[in-house]
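1. Sequence and predicted model, in that order:
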Amino acid sequence: MADASDNAATMDGLGTLLGAVAGGDQGAFERLYRDTSSKLFGICMRVLGNRAEAEEVLQEVYVTIWRKASQFDAARASAMTWLAMMTRNRAIDRLRSNASERTHLPMETDDPAASPAANLAAEHAEDKHRLDSCLAELEAPRRALIRTAFFEGATYEELAARSGNPLGTVKSWIRRGLIKLKTCLER
Amino acid sequence: MNTTDPQAGLPEDADLAAEYVLGVLGATERREVEVRLASDAALAADVARWERHFEPLIDQIDAVAVNGYVWERIRSALDFAPAARAPVATPDAQPGFWSSLSLWRALTGFGFAATAALAIALLGRPPVIETPAPIVVAPPVALPTPRIMASTLAHDDGTPGYVAAIDANTGTMTVTPVIPGHDDGRVPELWLIPEGQTALSLGVVDRDKPLLVTIPESMRGGLGPQALLAITLEPPGGAPQGVATGPIIAKGAIAML
């Protein structure tokens, strides 16, 4: 199945689909599901690492999309950003509600096999490039902390255990890393 | 864990929106942020900005194909009319019409009547025996009266967990997972609990596909409206010594059809 969600034309179309979904169009909802579910499921799987839980979160997400599509604000975020971040937030909330320990897992390494950037829209590719170059300005251990936090929704405590650093150090590295990142991204 | 964290008391160091979007906050702090987002426009704008900043990382997350039954569950949760098909190819839909999980899961949304109708269809024995125009006159009492039973094993919140269709004459039962529950490494095991008796194991069932279970002849007498079916979570391989060790995650009465 093609991962159409990275495709520029689809990204424009998603906003239109969300508008139709807000109006109660079940056909549009089905198309939205077809176009986005594998990507959103990938996000759930990355955070939760468990198929049954990821499926439950994905179901919650689409029920929310159906009911709250009208809350999508194109001025504030692209449709894919809205969908992806909502999915990620739900997955992280689910993760927090479990007491499962993941402290034995390794940290994320640098960008191993990122999906090819060739099919990204030009503007989007520029954003990606900027984030990559700003992340590259951080020292490797801090970058690994930030990547692990983002991809897996890991807490400060989990990151401290996984990276073998004291909690205070991890907090300060990440907080300062975020400040540097913000300066870099917004300059 | 060291709780006298030297960095903890430096709020000017912390960008709450960034920490929220990054995903490092604990459950309580996340909830606080989410509550504040509804009324704090500045915080909401900061969160939106950080979401845009981090969005390119989403591209690095691989898509994963979703099982077809998830779409059926969503439709069912939203009370949509029954779907004729799933919108994506369903890798789990090959083993024939009657054992299609999507079909069972979709129909479970309709409730018990549909389950019962399917149970009859599945077991291939309508309760009323039709006699098609015979060429040769059939022997008068050829077929035993079918004893078809069904059970929806529900979770505590009422959602269906598994559906069982039973032919008590042959002692065969099809157990189909609907919402099988969290996979925590343990396996679902099926139990028959005849009235006033201890649970009898019917073996481990599958959380991903329908399973045909043969009920031992000695246990068939326990089938009936007074009996329960239940699913517990057990170590891989099933409950040791045939005694349940895990919690009951789904249960249901057996209904005669």
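-> Yep, that arrived.

2. Tell me the confidence at residue B:14?
-> Confidence at residue B:14, expressed as pLDDT, is 73.

3. and it, what does it touch?
-> residue A:175 (Cβ atoms under 8 Å, 6 or more residues apart in numbering or on different chains). C-beta here means a position set from N, CA and C on the backbone, and glycine is covered the same way.

4. Phi, psi for whichever residue of the stretch 101-250 of chain B sits closest to chain A please.
-> Nearest to chain A in the stretch 101-250 of chain B, going by Cβ to the nearest Cβ, is residue B:183, at a distance of 4.3 Å. When read as degrees, to the nearest 10, the backbone of residue B:183 gives phi -90, psi 100.

5. isn't it right up against residue A:51?
-> Yes: assessed by Cβ atoms under 8 Å, residue B:183 is found in contact with residue A:51 at 6.6 Å.

6. can you list the residues of the stretch 101-250 of chain B near chain A?
-> With Cβ under 8 Å from any Cβ of the partner chain as the criterion, the stretch 101-250 of chain B meets chain A at residues B:180, B:181, B:182, B:183, B:207.

7. out of those, what pair is the most spread apart?
-> With Cβ to Cβ as the measure, no two of those lie farther apart than B:182 and B:207, at 9.6 Å.

8. on that earlier part again, buried only: go through the residues of the stretch 101-250 of chain B next to chain A for me.
-> The neighbour count (16 or more other Cβ atoms under 10 Å in any protein chain shown) marks B:180, B:181, B:183, B:207 as buried among those.

9. Now tell me which of the residues of the stretch 101-250 of chain B next to chain A the prediction trusts least.
-> Where pLDDT dips furthest among those: residue B:182, at 74.

10. excluding its backbone neighbours, what's nearest that one?
-> residue A:52 (5.4 Å; Cβ to Cβ, 6 or more residues apart in numbering or on different chains).

11. give me the element the one you found is part of.
-> Per DSSP states H and E, residue A:52 falls inside helix A:51-68.

12. again, but for residue B:213
-> Assigned by DSSP H and E, residue B:213 falls in strand B:211-214.

13. Summarise which helices and strands that strand is packed against.
-> strand B:172-177 (3 or more Cβ pairs under 8 Å, 6 or more residues apart in numbering or on different chains; DSSP states H and E).

14. what helices or strands is the strand it packs on leaning on?
-> helix B:101-108, helix B:112-123, strand B:160-167, strand B:211-214.

15. What are the contacting residues of it?
-> Counting by Cβ under 8 Å, 6+ apart, B:99, B:101, B:104, B:122-123, B:161-167, B:188, B:190, B:202, B:205-215 sit against strand B:172-177.
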